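**Q** Here you go, sequence then predicted model.
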Amino acid sequence: MSIKAIEAFASLGVSKGDILYVASDVTTFVMDAMQNGKSIDECLGELVDGLQELVGESGTLMFPIYSWAFNKGQTFDIRHTTGSTGALANWILKNRPEFSRTAHPIYSLMVWGKDAKMLASLNNINAFGSYSPFGYMYKFDAKMAFFNVAINMGITFTHYVEEALQVPYRYFKPFTAGYIDANGVETKRTYVMYVRAAEVNSKKNMPNSFYESILKEAKFDNYYIKLLGSCDTFRITANDLLNNGGKNLYTFIDYELDWNKGVFASEK
């Protein structure tokens, strides 16, 4: 199955030298592999090996391992804190020492390849700023893959677009908690997120047609992989926010996007 998965990635144009961000839900993928006699380590190991071979050492792999414990005042340990965004990145954290982890304690990624050292050295206090991994993705037009996970559940990159445009329903909020670095040294640190104002109620929308013009998709067995380019995604997302009230991104409840208003007074 892992071979079929890599063939599907390749059919979408993923190749040597690419920057590839992979959001995934590998639960059923692993269960099916186990029913066919594979262990979890064999299944995920083959998948990661295949992706490394596909992009090569001239490329870069990025897997989200986001954790929101730091927001709640809990200590973040870059070596051990697991993420809440899927099993694959957590498996990589525990089993693949050739990967590095980016530093932001809320929106970190497991990275490997040409630019991994640079990404791991970033000291971006702001989760979605120009000098964050998301800014890197936009600058170099990373390919974003969604492996058996809905785009609206895995496309964190839209928050980068929102921050770049300075949408009026979000604001910068600092969070402070303990931080244990790669050397095991603990300090108190403050990091920033671009969060939604409490007065704004919304739910994700993103109909299938929203990114249809730039979307590539491959299917194998009972699985699918959808692929978007970062620059095209930025363009379409920004256009929706600037000219359509963000209605393809969100269904707002008792709120309408108004660019003539600043952030909510209670959040300034």
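**A** Arrived safely.

**Q** Okay, now the unreliable bits of the stretch 51-200 of the chain?
**A** Low-confidence segments of the stretch 51-200 of the chain, defined by pLDDT under 70, are absent; every residue clears the threshold.

**Q** can you give me the helices for it?
**A** Defined through DSSP state H, counting those that start in this stretch, the helices belonging to the stretch 51-200 of the chain, from first to last, are 87-95, 116-121, 133-139, 151-154, 157-165.

**Q** show me the residues around the residue nearest to N123 when sequence neighbours are not counted that make contact.
**A** With C-beta to C-beta, 6 or more residues apart in numbering as the measure, A103 is the residue that lies nearest to N123, at 6.3 Å, once sequence neighbours are left out. Bear in mind the C-beta positions are built from the backbone N, C-alpha and C, glycine included. Neighbour list for A103: 78, 120, 122-124 [criterion: C-beta atoms under 8 Å, 6 or more residues apart in numbering].

**Q** Closest one of the residues you listed to W112?
**A** The shortest approach to W112 among the contacts of A103 belongs to A120, at 10.1 Å (C-beta to C-beta).

**Q** For the closest one, which non-adjacent residue is closest in space?
**A** S100 (3.8 Å).

**Q** same thing with A238?
**A** Across the structure, with C-beta to C-beta, 6+ apart as the measure, the residue nearest A238 apart from its sequence neighbours is V161 (5.6 Å).

**Q** Does the one you found touch F234 like I think?
**A** Yes - with the criterion set as C-beta atoms under 8 Å, V161 and F234 qualify as a contacting pair; they are 5.4 Å apart.

**Q** more neighbours, these two?
**A** Neighbour count, other C-beta atoms under 10 Å: between V161 and F234, V161 has more, with 23 against 19.

**Q** how far away is the more buried one from K114?
**A** Using C-beta to C-beta, to the nearest Å, we find V161 at a distance of 25 Å from K114.

**Q** Same question for Q52.
**A** Taken as C-beta to C-beta, the spacing of Q52 relative to K114 amounts to 12 Å.

**Q** E217 too?
**A** E217 sits at a distance of 27 Å from K114 (criterion: C-beta to C-beta).

**Q** again with Y136
**A** Using C-beta to C-beta, one gets 12 Å for the distance from Y136 to K114.

**Q** Name all residues that make contact with the closest residue to A116 other than its chain neighbours.
**A** The spatially closest residue to A116, leaving aside those adjacent along the chain, is S100, at 5.0 Å (C-beta to C-beta, 6+ apart). Contacts were defined as C-beta under 8 Å, 6+ apart; by that measure S100 touches 110-112, 116-117, 119-120.

**Q** which among those end up buried?
**A** Burial by neighbour count, 16 or more other C-beta atoms under 10 Å: within the contacts of S100 this picks out 110-112, 116, 119-120.

**Q** Near the residue lying closest to F140 once chain neighbours are set aside, how many other residues are there?
**A** Excluding the flanking residues, the one nearest F140 by C-beta to C-beta, 6+ apart is I19, at 5.5 Å. By other C-beta under 10 Å, the residues close to I19 number 23.

**Q** residues in contact with I19?
**A** Contacts of I19 were listed using C-beta under 8 Å, 6+ apart, and they are 55, 59-60, 62, 115, 136-137, 140-143.

**Q** can you map out the strands along this structure?
**A** 19-24, 60-64, 76-77, 100-101, 109-113, 143-147, 170-180, 186-196, 201-204, 216-220, 223-229, 250-253 (DSSP state E).

**Q** can you redo these as JSON lines with distance to N244?
**A** JSON lines is the format used below for the strands of the chain (distance: least, C-beta to C-beta, whole Å):
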{"stretch": "strand 19-24", "distance to N244": "25"}
{"stretch": "strand 60-64", "distance to N244": "27"}
{"stretch": "strand 76-77", "distance to N244": "37"}
{"stretch": "strand 100-101", "distance to N244": "37"}
{"stretch": "strand 109-113", "distance to N244": "30"}
{"stretch": "strand 143-147", "distance to N244": "22"}
{"stretch": "strand 170-180", "distance to N244": "17"}
{"stretch": "strand 186-196", "distance to N244": "18"}
{"stretch": "strand 201-204", "distance to N244": "14"}
{"stretch": "strand 216-220", "distance to N244": "24"}
{"stretch": "strand 223-229", "distance to N244": "18"}
{"stretch": "strand 250-253", "distance to N244": "11"}
